[in-house]
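*Asks:* Provided below are the primary sequence and the corresponding predicted coordinates.
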Amino acid sequence: MCRFIETIRIEGGEIWNLPYHNFRLNETRRMVWGKLPELDLAEFIHPAPYRERTRCRVVYGREVEDVSYIPYHLRQVHSLKLVDCDEADYSLKSTDRSLLDKLFARRGEKDDVLIVRNGCLTDTSIANVALWNGTEWHTPSSPLLKGTHRRRLLDEKQLVERDITVDDLPLYSRIRLFNAMISFGEIEIDSSELGY
């Protein structure tokens, strides 16, 4: 049976970006199982006790199966290794991260990998990315996962989608990693720290 996850930030007793998580959960359920009654994650998540940043992990199939709460510790990332993998696909946020784990294992001396698919940048093993060209932040138009934080930043016009090839990297000076747990700007790397 297919199992999927939503990783949701809770902080200050509040659920962050709930409408975006609800949308992705229900869209995934529709894509896999067809028309189903929509679920509202607010009915399954109890954020009030959690004041510090907490990772809420919701496992679901046709219905929500499990909700767990884990204290969150930001992993520092200062360097990225470009890793080619044309078959990389994580378009649905599945509990099966085996391919991402295998790619992460190829990081060598770097802190994480930046996955390249068909010559274009996608994501790291844990986060969406945005690159600064001196004027605006560009995010790859074909990420491995269309993250909820990414969607919100696009809706707020803080990001612009672009196909970004490896050859385009000299056009950018900075790269930011972000996801549901990592704020935009919390991890920023000099683009010189990217390489094969």
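*Replies:* Nice, thanks for sending it over.
*Asks:* show residues contacting stretch 20-37.
*Replies:* For stretch 20-37, contacts defined as Cβ atoms under 8 Å, 6 or more residues apart in numbering pick out 2, 4, 6, 8, 15, 38-42, 58, 60, 62, 92-93, 146, 148-149, 151-152, 180. Every residue, glycine included, has its C-beta placed from N, CA and C.
*Asks:* give me the buried subset of those.
*Replies:* Among these, the ones that count as buried by 16 or more other Cβ atoms under 10 Å are 4, 6, 8, 15, 39, 41, 58, 60, 92-93, 146, 148-149, 151-152, 180.
*Asks:* so what's residue 164 closest to, chain neighbours aside?
*Replies:* Distances taken as Cβ to Cβ, 6 or more residues apart in numbering place residue 121 nearest to residue 164, at 4.6 Å, with adjacent residues excluded.
*Asks:* next, that neighbour: phi, psi?
*Replies:* phi -70, psi 150 (degrees, to the nearest 10).
*Asks:* please work out which residues outside the helix or strand bottoming out on mean pLDDT in the chain touch it.
*Replies:* Within the chain, no helix or strand scores below strand 194-195, which has a mean of 80 by mean pLDDT, DSSP states H and E. Identification of contacts with strand 194-195 by Cβ under 8 Å, 6+ apart yields 79, 80, 81, 82, 114, 169, 175.
*Asks:* hmm, 7 Å instead?
*Replies:* For strand 194-195, the external contacting residues (Cβ atoms under 7 Å, 6 or more residues apart in numbering) are 80, 81, 82, 114, 169, 175.
*Asks:* one step back: for the residue nearest to residue 164, name its beta-bridge partners.
*Replies:* In this structure, residue 121 bridges to residue 116 when assessed by DSSP bridges.
*Asks:* show me what contacts it?
*Replies:* Shown in contact with residue 121 (Cβ under 7 Å, 6+ apart): 114, 129, 140, 164.
*Asks:* quick one, helices of the protein?
*Replies:* Taking DSSP state H as the criterion, the chain contains helices spanning 18-33, 98-104, 148-155.
*Asks:* I'd like these laid out as CSV, including distance to residue 186 and mean pLDDT.
*Replies:* As requested, the helices of the chain are exported to CSV (distance: least, Cβ to Cβ, whole Å; pLDDT from 0 to 100):
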stretch, distance to residue 186, mean pLDDT
helix 18-33, 18, 97
helix 98-104, 20, 96
helix 148-155, 11, 98
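*Asks:* ok, for residue 16, nearest residue in space, not its chain neighbours?
*Replies:* Nearest to residue 16 is residue 9, by Cβ to Cβ, 6+ apart, at 4.1 Å.
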